[in-house]
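Participant: Predicted structure and sequence below. I'll ask about it afterward.
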Amino acid sequence: MQTKSTVSGNSTLVADNEFRSRRYEGSIDGSWKMAKNHLVEFMFNASRENMKVDTNNFDMWPDYQHSVTGVIDYYRQYFKKDYQTNNYYFQVQDTMTLNRSGNLFFTPVLRAQKMTMDVDLGDPDIGSWKYSYGLGLKKVQNDHWTFRGSYGTYYKFPNWYELFGDGVNVKSRWESYKTNYSDFQLDSTVERGTSWDVSANWQGKAFHADSDVTLSYFNRRAKNLSTYSLDFYGVGYYSNLAAGNIQGLELESKFNWQRWNLLLAATWNDSLITNSGTKPSLVTPAEWQVGSPFPWVPEWEYNVRLSYRFPGDKLTVFGEYHYLDEVGVYYDNAKGLNESLGLTNLGLKYDFNNKIKLTTGVNDLFNQGPDQLRYFQNDVKTYSNSVVYPLQGRTYYMTVQYFF
């Protein structure tokens with residue numbers, strides 16, 4: 001269908017896109033006990049993915065605009081009818097026992113990975129091998145305490161949909177760049193960085209329960225930080241921020257009484273965008289990025305789940321509360337905030353025998369999801385309305401499992 005405005009003369013084309021992808025993947029892994037204190041493990045993975053794109057009027061996509069002819073001609077090479085990418089990943093590690101007591105372990109890890117494409121993205125990191133490493137240390141202090149720490153580097157290559165969209169809710173980043181009359185913000189789409197963490201695990205009796213508690217601290221410094229953005233029509237696309245740091249704490253705990261079971265989990269995130277690039281990107285104007293938290297990363301998130309197993313060990317009932325703090329969202333020319341949300345879930349499990357199991361319940365008992373709001377501000381004023389993709393709200397479910 002094609003329409004034409006009698007005022008501006010601009011034409012609009014509505015076309016159906018069809019994306020067909022095929023993926024082939026294979027892997028091999030193994031281990032070798034080199035000596036009493038050395039266990040070497042390796043893994044190699046290779047995959048190939050093909051995608052064919054079809055539309056009922058391919059020549060009209062991307063839309064031709066005389067005012068940006070040079071930009072359109074530059075990006076036209078990325079709009080093909082078929083694409084192919086190959087991914088290769090190799091990892092080897094050696095777990096070493098460092099002392100005679102057998103309770104101190106050191107594990108170095110080496111990784112090599114490569115992504116190739118049949119489209120020249122102008123990205124120096126795609127098509128070449130990238131190498132990263134990790135160093136891990138573990139100390140089993142006694143029957144109650146275990147300590148861990150790690151440090152390393154990483155690379156994160158973009159996947160298909162981060163580059164080319166899915167034809168429905170995620171659009172190609174180059175279509176977004178063309179629409180905004182902008183060149184690429186960064187030369188590379190490959191995220192990289194360093195990360196380290198330390199943790200302490202305690203197991204024993206607490207509050208008359210068998211307890212398992214782990215507290216972790218993590219820290220990551222990223223460059224070419226991959227992020228997901230939305231336009232004001234609700235269509236998403238991926239882009240990259242220049243650099244950012246994030247640190248945080250994670251608490252995971254389990255308490256098991258004879259029939260009661262309590263699970264507690266909480267995460268605190270402290271994130272900061274430190275460099276947005278030399279010019280505005282598709283995500284937001286550059287001055288709006290520096291000093292902001294990572295998009296889609298809440299400051300707080302926690303989950304509480306309590307269950308009770310009735311005598312006879314066939315019926316278990318549970319209740320759960322999940323809280324997600326407000327999260328920042330980036331739009332084309334504005335930054336927004338999805339308000340915090342707390343959901344209550346109830347359910348039960350019943351084991352008829354060792355072959356048939358039933359699970360049923362209700363998620364979002366108080367129907368809070370559809371009422372979640374977003375707030376965003378541009379150069380003119382602040383808006384508030386429903387989030388782009390509201391949650392479906394109260395949902396009933398039932399699952400029957402048969403094991404054989």
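Facilitator: Right, received. Where do you want to start?

Participant: give me the element the closest residue to Asp197 other than its chain neighbours is part of.
Facilitator: Closest residue in space to Asp197, ignoring its immediate chain neighbours: Phe218 at 4.2 Å, by CB to CB, 6 or more residues apart in numbering. Any C-beta I mention is one placed from the backbone N, CA and C, and that applies to glycine too. According to DSSP states H and E, Phe218 maps onto strand 209-230.

Participant: buried stuff in that strand?
Facilitator: Within strand 209-230, the residues scored as buried using 16 or more other CB atoms under 10 Å are 209, 211-214, 216, 218, 220-227, 229-230.

Participant: Okay, strands next: where are they in the stretch 51-200 of the chain?
Facilitator: For the stretch 51-200 of the chain, the strands defined by DSSP state E, counting those that start in this stretch cover 82-97, 104-117, 130-140, 145-156, 191-206.

Participant: mind listing what the first one pairs with, with the direction of each?
Facilitator: Using DSSP bridges, the neighbouring strands of strand 82-97 in the sheet come out as strand 38-55 (antiparallel), strand 104-117 (antiparallel).

Participant: Please state the offset of it from the chain centre?
Facilitator: 19 Å (CA atoms, centre = their mean, to the nearest Å).

Participant: Equivalent analysis for the second one, please.
Facilitator: Per CA atoms, centre = their mean, the displacement of strand 104-117 from the mean C-alpha position of its chain is 20 Å.

Participant: Need the contact partners of stretch 30-42.
Facilitator: Counting contacts by CB atoms under 8 Å, 6 or more residues apart in numbering, the residues outside stretch 30-42 that touch it are Asp29, Phe90, Gln91, Val92, Gln93, Asp94, Thr95, Met96, Thr97, Leu98.

Participant: and if we set it to 10 Å?
Facilitator: Identification of contacts with stretch 30-42 by CB atoms under 10 Å, 6 or more residues apart in numbering yields 28-29, 43-44, 90-100, 102, 105-107, 109-110.

Participant: of those, buried ones?
Facilitator: Phe90, Gln91, Gln93, Asp94, Thr95, Met96, Thr97, Phe105, Thr107, Val109.

Participant: Farthest pair within those?
Facilitator: Phe90 and Thr97 (24.7 Å; CB to CB).

Participant: which one of the strands paired with strand 82-97 has the lowest average pLDDT?
Facilitator: Of all the strands paired with strand 82-97, the minimum mean pLDDT falls on strand 38-55 (a mean of 88).

Participant: Alpha carbons of it, in PDB - could you do that?
Facilitator: The C-alpha trace of strand 38-55 is given here as PDB (Å, rounded to 0.1, in the frame of the first residue of the first chain):
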ATOM      1  CA  HIS A  38      46.600 -30.300  37.100                       C
ATOM      2  CA  LEU A  39      43.200 -30.800  35.400                       C
ATOM      3  CA  VAL A  40      43.200 -29.300  31.800                       C
ATOM      4  CA  GLU A  41      39.900 -28.700  30.100                       C
ATOM      5  CA  PHE A  42      39.200 -27.400  26.600                       C
ATOM      6  CA  MET A  43      36.200 -26.500  24.500                       C
ATOM      7  CA  PHE A  44      35.800 -25.500  20.800                       C
ATOM      8  CA  ASN A  45      32.600 -24.200  19.300                       C
ATOM      9  CA  ALA A  46      31.900 -23.200  15.700                       C
ATOM     10  CA  SER A  47      28.700 -21.900  14.100                       C
ATOM     11  CA  ARG A  48      27.400 -20.600  10.800                       C
ATOM     12  CA  GLU A  49      24.200 -18.600  10.400                       C
ATOM     13  CA  ASN A  50      22.500 -17.700   7.200                       C
ATOM     14  CA  MET A  51      19.700 -15.100   6.900                       C
ATOM     15  CA  LYS A  52      17.600 -14.400   3.800                       C
ATOM     16  CA  VAL A  53      15.500 -11.200   3.700                       C
ATOM     17  CA  ASP A  54      12.600 -10.600   1.400                       C
ATOM     18  CA  THR A  55      10.100  -7.800   1.000                       C
END
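
Participant: how about the helices in this protein?
Facilitator: With DSSP state H, the ranges of helices along the chain come out as 69-75, 160-164, 173-179, 286-289.

Participant: Between those, which has the poorest mean confidence score?
Facilitator: helix 69-75 (a mean of 50).

Participant: low-confidence ranges in the stretch 301-404 of the chain?
Facilitator: For the stretch 301-404 of the chain, the stretches flagged by pLDDT under 70 are 330-334, 377-383.

Participant: that older thread, could you export the strands paired with strand 82-97 as a markdown table, including distance to Asp351?
Facilitator: Shown next, in a markdown table, are the strands paired with strand 82-97 (distance: least, CB to CB, whole Å):
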| stretch | distance to Asp351 |
| --- | --- |
| strand 38-55 | 36 |
| strand 104-117 | 38 |
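
Participant: what's the closest of those to Pro293?
Facilitator: With CB to CB as the measure, strand 104-117 is the member of those nearest Pro293 (28.7 Å).

Participant: can you state the direction angle for the closest one and strand 130-140?
Facilitator: Angle of strand 104-117 versus strand 130-140, following axes from the mean of the first three to the mean of the last three CA atoms, to 10 degrees, is 160 degrees.
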